[in-house]
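Participant: one predicted model, sequence on top.
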Amino acid sequence: MGKYIRHIACEECGSSDANGVYEDGSTWCFSCHTYKGKEGESNMPTSVAQAIKDQFEFESSKGTVSAITDRRINAETCKKYNVTVTTNDDGDITHHQYPYYDKNNSLVAYKTREVASKGFRTSGSWPITGLFGQQLFNSPSKFITICEGELDALACHQMLGNYPVVSIRNGAASALKDCKRSLQFLDMFDNVVICFDTDTAGRKASQEVADLFSPGKCHILTTALKDPCEYLITGKSKDFVSEWFNNKKQYTPDGIVCLADMWESLSEKEDIITVDYPWSGLQHLTYGMRLGELCTFAAGTGAGKSTTVRELAYHVLQSSPYNIGMLFLEESVKRTGLALLGIHANKPMHLPTCEYTDEEFKEAFEAVSMDRRVFLFDHFGSWGIDQLLSRVRFMAKGLDCKFIFLDHISIIVSSQEFGDERRAIDEVMTKLRMLVQELNIHLGIVTHLKRVPNGGHEEGHHVSLSHLRGSQGIAQLSDMVLGLERDSQNEDELVRNTTLVRVLKNRFSGDTGPASYLRYERVTGRQTEIDRSEIEEGDEENEEEHNPNDTTELFESVMQ
C-alpha cells in the first residue's frame, strides 16, 4: 500500500473522513473496512488482513460487562447485548465495545467507541455484519424498533422492556444501506418502528428506510427530545414509552393529487424503463418489457416455457444494466445456472452429452456472473407463498433486481393447502400484482393451462385467455399475457421444435395476435426467431404426409 497520504470520504459507509488514501492509489476505510486496491489488484494485502485479525482478537480479549453510568444504562441491558467497557486506573470508563454478528449469529466484529473523543474504530469482519443487536431477535413478533446508534438502542430497549430493538451501524448516512442488507430480517416483523434522531439527517434517513417496506408496515416515531438516550439521562423514561405507544405515525407515501396540479408532469414525455424483446415479431406488438408490468407466459407441458424465460433473462443481462432475479421452482439453482452459461456459450451445458472445454466453461461463467447481477432462489426445503413473496421483495429492495422471473405459479398453488384452486390462484396473483406495483419491477411469471377438448396444448392447440387456470384472475391482473404453442409430437422436426408466441393480452398498446416463431436448436440449446416462410416451406414438403388436424394446418391457419 505504501505511504499514507490523506483521508477522504467513503462511498461504502458514508463516513466523511475515515477512508485513507495511500501512495499506490489504494484506499482503506477505517470505519467499514472496505479495501480498494490499485489498478489490477483485487486482493487485500496480507499485512492489512493480519492487522484486522489482530485488532479483533485484541478487542475480544478486553473489557467487562458493566453499567454505563453516565448514560444510565444498567448492567442487565449491557449483558443482554454483550456490550463491554474498559476503564482507566481511576475506574473511569474510557471505551465501549459493541459486538456485531453475521447472519449466522456468529460474533465477527467489534465497534469500539472512545468516550472522551466520541470517535470509534472497527475490528474483525465488519463488512459481513448485520444490525447491532440483530442476533438477539430471531423469532417474528409484532414490533421491532430501529435506532440510529448503539447507545440509543440500549436506552430504548431498557425503557421499553422486552421489545426488540436494534440499531444501524454507522449513523444516518448508512441507514438505507444497512437496512437493505438486513431487509429479510426486518421484514419478518409485523411492524417496523423507526426511531432515528430528530435532526435533518435523521428525518431524511427515516423516509428512505420507510420506503423499503410495504405501505402500512412502517411507523416513524415522533419524539419531543432528540433521541432515546436523552430521555433516559434526564429521567423521562415514562415520557418516551408514552410517545412510543402514542406517537408512532404510520408511514404512507403521498398518493392523492389534483389533476389541475399535474400540468408539468403531464406535459413531460414519460420515460418508462424498457428493455426490448430479443425477437422482432414480439417486440413489434408489445414495445418491449417495462418496469411496473406483470407478464404471464402460458403454455402446455413441453412448449418451452422455461427455455423462453431463461432466454429473456439472459437477454436482459446482456442488453441492459439491470439486476435480474430468477425463481425457478421446478429445478435446482445449479440447473438454472448451467442453462444460463449454456445460452452464453451456445451449448446446452446442462445436458450430460454436451462437450465443452474448461476454458469455454470459465469464459461463460465469468461473462454471466462476474458482475454479480444475477440472483437465483435456492428453494431447497419447505416454503410457502408468504416466504416466496418475501424473497421477491428482497430481490427487488435488497438486491436492486428490476427484472424478476418466476417459474411457475402453478407449483406455488399446488404446494399449499389452499383447498379451492381458483381462489388460491386469484389470491396469489393479487399479491404478486400488488408487489409489482409497489416495487416498480418487471415480473415475468409462468403458468400452466387447464385441459381443453378436441386435442391438447402439447399437440399445438391454440392458447386463449379462457384456457388460463383459475377464475380469470391471471388474465385480469396481468398486463401482458403471452401464449406459447408447440406441437411437441409432430413427425416433422422443424414443426416439432418450433414455438409460436401469441400475444393474448396487451394492456400497453392493445395489439394482440401471433408474434414470433421461435425455433429450438438442439446443438446450441438456443431459441432463435425464424420467418413464417420457413414454416410454410416445411409445410409444403410434408403436405401429403400430414392429416387435416396436424400442426402444419395449424401454423397455416394461425396467420390467416
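Facilitator: On my side now, so go ahead. Residues are numbered from 1 along each chain as shown.
Participant: looks like residue 428 contacts residue 422 (just checking).
Facilitator: No. If you go by C-beta atoms under 8 Å, residue 428 and residue 422 don't touch, sitting 11.1 Å apart. C-beta: built from backbone N, CA, C; applies to glycine.
Participant: out of the two, which sits in the more crowded spot?
Facilitator: Between residue 428 and residue 422, residue 428 has the larger neighbour count (other C-beta atoms under 10 Å), namely 24 against 14.
Participant: just checking, what packs against the helix or strand hosting the more buried one?
Facilitator: Following DSSP states H and E, one finds residue 428 within helix 421-439. Applying 3 or more C-beta pairs under 8 Å, 6 or more residues apart in numbering; DSSP states H and E, we find helix 421-439 packed against strand 294-299, helix 385-397, helix 409-414, strand 442-447, helix 473-477.
Participant: what sits closest to the most centrally placed residue in the chain if chain neighbours are left out?
Facilitator: The structure's the chain has its C-alpha centroid closest to residue 395; by C-alpha atoms, centre = their mean the separation is 0.9 Å. Leaving aside its chain neighbours, residue 395 sits nearest to residue 325 (3.6 Å; criterion: C-beta to C-beta, 6 or more residues apart in numbering).
Participant: thinking again about what came up before, residues contacting the residue nearest to the centre of the chain?
Facilitator: 325, 375, 377, 401, 404 (C-beta atoms under 8 Å, 6 or more residues apart in numbering).
Participant: can you check residue 368 too?
Facilitator: Applying C-beta under 8 Å, 6+ apart, the residues contacting residue 368 are 314, 317, 340-341, 344, 374.
Participant: picking that back up, which of the contacts of residue 395 fall in strands?
Facilitator: Using DSSP state E, the subset of the contacts of residue 395 located in strands is 325, 375, 401, 404.
Participant: need those residues in CSV (columns: pLDDT, distance to residue 335 and neighbour count).
Facilitator: Output for the ones in strands among the contacts of residue 395, formatted as CSV (pLDDT from 0 to 100; distance: C-beta to C-beta, whole Å; neighbours: other C-beta atoms under 10 Å):
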residue, pLDDT, distance to residue 335, neighbour count
325, 94, 17, 24
375, 93, 16, 19
401, 95, 20, 23
404, 95, 18, 26
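Participant: so for stretch 429-446, mean pLDDT?
Facilitator: Regarding stretch 429-446, the rounded mean pLDDT is 90.
Participant: please point out which parts of that stretch sit buried.
Facilitator: 429, 431-433, 435-436, 438-439, 441-446 (16 or more other C-beta atoms under 10 Å).
Participant: from those residues, which is closest to residue 168?
Facilitator: The closest of the buried residues of stretch 429-446 to residue 168 turns out to be residue 439 (C-beta to C-beta; 22.3 Å).
Participant: shouldn't the closest one be in contact with residue 396?
Facilitator: Yes. Residue 439 is within contact range of residue 396, at 4.2 Å (criterion: C-beta under 8 Å).
Participant: before we move on, the earlier item: how far away is the residue nearest to the centre of the chain from residue 446?
Facilitator: 17 Å (C-beta to C-beta, to the nearest Å).
Participant: how about residue 26?
Facilitator: Per C-beta to C-beta, residue 26 is found 46 Å from residue 446.
Participant: cool, and residue 372?
Facilitator: Shown here: residue 372 relative to residue 446, a distance of 25 Å by C-beta to C-beta.
Participant: same question for residue 157.
Facilitator: Taking C-beta to C-beta, one finds residue 157 at 46 Å from residue 446.
Participant: which residues in the stretch 251-400 of the chain form helices?
Facilitator: 263-267, 280-286, 305-319, 333-345, 358-369, 385-397 (DSSP state H, counting those that start in this stretch).
Participant: mean confidence for the third one?
Facilitator: When you say that, I think you mean helix 305-319. Helix 305-319 comes out at a mean pLDDT of 91.
Participant: pretty sure residue 305 is touching residue 446, no?
Facilitator: Yes. Contact criterion C-beta under 8 Å: residue 305 and residue 446 qualify, at 4.8 Å.
Participant: overlap in contacts, these two.
Facilitator: 297, 299, 407-408.
Participant: top of those by number of neighbours, please.
Facilitator: residue 299 (27 neighbours).
Participant: what about the closest residue to that residue other than its chain neighbours, which SS state?
Facilitator: Once flanking residues are discounted, residue 299 sits nearest to residue 484: 3.6 Å by C-beta to C-beta, 6+ apart. What DSSP: H, G, I helix; E, B strand; the rest coil gives for residue 484 is strand.
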